[in-house]
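S.K.: this is the structure alone, sequence omitted:
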């Protein structure tokens, strides 16, 4: 999806099977874009990184981002902790690898 992901901070995030949280921040590294989702009450105290490539559509009117992943896929994704090196190549590769292999 060709869009400035930074403008989506604060939007609600819906997986293909339900609500997962809100976009807490945007991260970009060498042309790769990600959003950090605060899973709030769904998984208390957890943040997950979702590659921008999983954004299926954006509903600006309702400030909602729909992603092409299930809640279980998001729940199983690598953790992201505040202050973690979000520009760390190893972290980025781990996240990309997880989502690339989620069909297995």
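M.R.: Nice, I can see it. From a predicted model like this one, the values you see are computed outputs, not experimental measurements.
S.K.: surely residue 11 touches residue 66?
M.R.: No. The criterion here is CB atoms under 8 Å, and residue 11 misses it with residue 66 at 10.1 Å. C-beta here means a position set from N, CA and C on the backbone, and glycine is covered the same way.
S.K.: quick check: neighbours shared by these two?
M.R.: Common neighbours of residue 11 and residue 66, counting by CB atoms under 8 Å, 6 or more residues apart in numbering, are residue 58.
S.K.: okay, these two: which has more neighbours?
M.R.: residue 11 (19 against 15; other CB atoms under 10 Å).
S.K.: contact partners for that one?
M.R.: Here residue 11 is in contact with 22-23, 58, 63-65 (CB under 8 Å, 6+ apart).
S.K.: go on, residue 21?
M.R.: So residue 21 contacts 12-13, 37-40, 42 (CB under 8 Å, 6+ apart).
S.K.: out of these, who's the most crowded?
M.R.: Going by other CB under 10 Å, residue 37 tops the contacts of residue 21 with 28 neighbours.
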